[in-house]
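S.K.: The sequence isn't on hand, but the structure is:
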C-alpha cells in the first residue's frame, strides 16, 4: 500500500510519468504482472545513493553539541551517535528497494537512448495516480514522490528518517526528472537480510495491476512494423486493450 513520506517532494496524481525499457523487460512485466524494485547498490553510476554527505554529518554533529545539555548522562557520545547513524545508513542499502519513472508530458530522446534502444525499445506512459493504485494489492508500505537534486557539497539531509537519503540525488542527474518509489524488505532479526531466499539477489518483483498501470505503450523511434505487431500481440494476450503507438519522434507536423 502507498503511504506518504514527508521527505519525498509531493507529486500530483495526474502527473504524467514514463518508463523506458527493452522489449524483454516489458514481457517480464506482462508475464509476472509485477514491476521490479531494485536494491540501490545496483545503481553503480551514483555512489551517493542512500548515503549522507559531509555537510549533513557536520550539521548533525553541531546539533548534537548544541543539545548536549538536554541529553541524559547515559546517552551515547556524539561521535558514537554519528558512527551509529552512518552504520545504519549502510545497512539500509541492502534493505531499501527502488523503482524509478521519468516525469514528463512528452517523450524524451535521452531516455530512449539511455534505457532502451531505437530498434526494439518500448515505453509505458501512465500517471502517478494510476501507478499508486496499481500497487494497492501489495501489503507492505510503499513511499514515493519526486527526487530532489542537490548540491552535494552544501545540502543537508536529515538523520531523523532512514528513507531521507533516498529522496535526493546529485545535481548531475537532474536530467532524469525522476519519480521514485521505495519499499524495503524486513529481516527476521537485526539488519542483515538473507537474499538467498529470494528469486533475485538484486531486488524484488512487486505485484501490480497491469491493466490499470498501462495507460499507453509506445514503440521506439526506429521501430519496424513487425516489432510493433509483436508488442501489440503481447498486450492483447494479457487482455490489455490499448493500441500500441509509435514514437512521436516519427511524426512530422
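M.R.: Perfect, thanks for sending it. A quick note: this is a predicted structure, and the numbers were derived from the prediction, not measured.

S.K.: How about the secondary structure of the nearest residue to residue 114 once chain neighbours are set aside?
M.R.: Among residues not flanking residue 114 along the chain, residue 20 sits closest, at 7.4 Å (CB to CB, 6 or more residues apart in numbering). Just so you know, the C-beta spots here come from the backbone N, C-alpha and C atoms, and that holds for glycine as well. At residue 20 the chain is in strand, as set by DSSP: H, G, I helix; E, B strand; the rest coil.

S.K.: Hmm, residue 20 is touching residue 113, no?
M.R.: No - if you go by CB atoms under 8 Å, residue 20 and residue 113 don't touch, sitting 9.0 Å apart.

S.K.: of these two, who's got more company?
M.R.: Remark: of residue 20 and residue 113, residue 20 carries more neighbours, 23 against 14, as counted by other CB atoms under 10 Å.

S.K.: got the contact list for the more buried one?
M.R.: By CB atoms under 8 Å, 6 or more residues apart in numbering, the residues touching residue 20 are 102, 108, 111-112, 114-116, 121-123.

S.K.: tell me which residues of the strand or helix carrying residue 236 are tucked away?
M.R.: Assigned by DSSP states H and E, residue 236 belongs to helix 225-237. Neighbour-count burial for helix 225-237 flags 227-228, 230-232, 234-235 (criterion: 16 or more other CB atoms under 10 Å).

S.K.: and the helix or strand following it, how far from the chain's centre?
M.R.: Once the chain leaves helix 225-237, the next helix or strand it forms, by DSSP H and E, is strand 245-246. Using CA atoms, centre = their mean, to the nearest Å, the distance from the centre of strand 245-246 to the centre of the chain it belongs to is 26 Å.

S.K.: again with stretch 39-46
M.R.: Distance, centroid of stretch 39-46 to centroid of chain: 11 Å (CA atoms, centre = their mean).

S.K.: Pull out the buried residues from it.
M.R.: Neighbour-count burial for stretch 39-46 flags 39-40, 43 (criterion: 16+ other CB under 10 Å).

S.K.: How about stretch 23-30?
M.R.: Buried-residue list, stretch 23-30, by 16+ other CB under 10 Å: 23, 25-27, 29-30.

S.K.: Just give me the closest of the residues you listed to residue 80.
M.R.: residue 25 (44.3 Å; CB to CB).

S.K.: quick one: contacts for residue 134?
M.R.: Contacts of residue 134 (CB under 8 Å, 6+ apart): 208-210, 212-213.

S.K.: Now distance to residue 133 and pLDDT too, for these, in TSV please.
M.R.: Listed next are these as TSV, based on distance: CB to CB, whole Å; pLDDT from 0 to 100:
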residue	distance to residue 133	pLDDT
208	9	96
209	7	97
210	12	97
212	6	97
213	8	97
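
S.K.: give me the low-pLDDT residue ranges for the chain?
M.R.: Applying pLDDT under 70 to the chain flags the ranges 67-78, 252-253.
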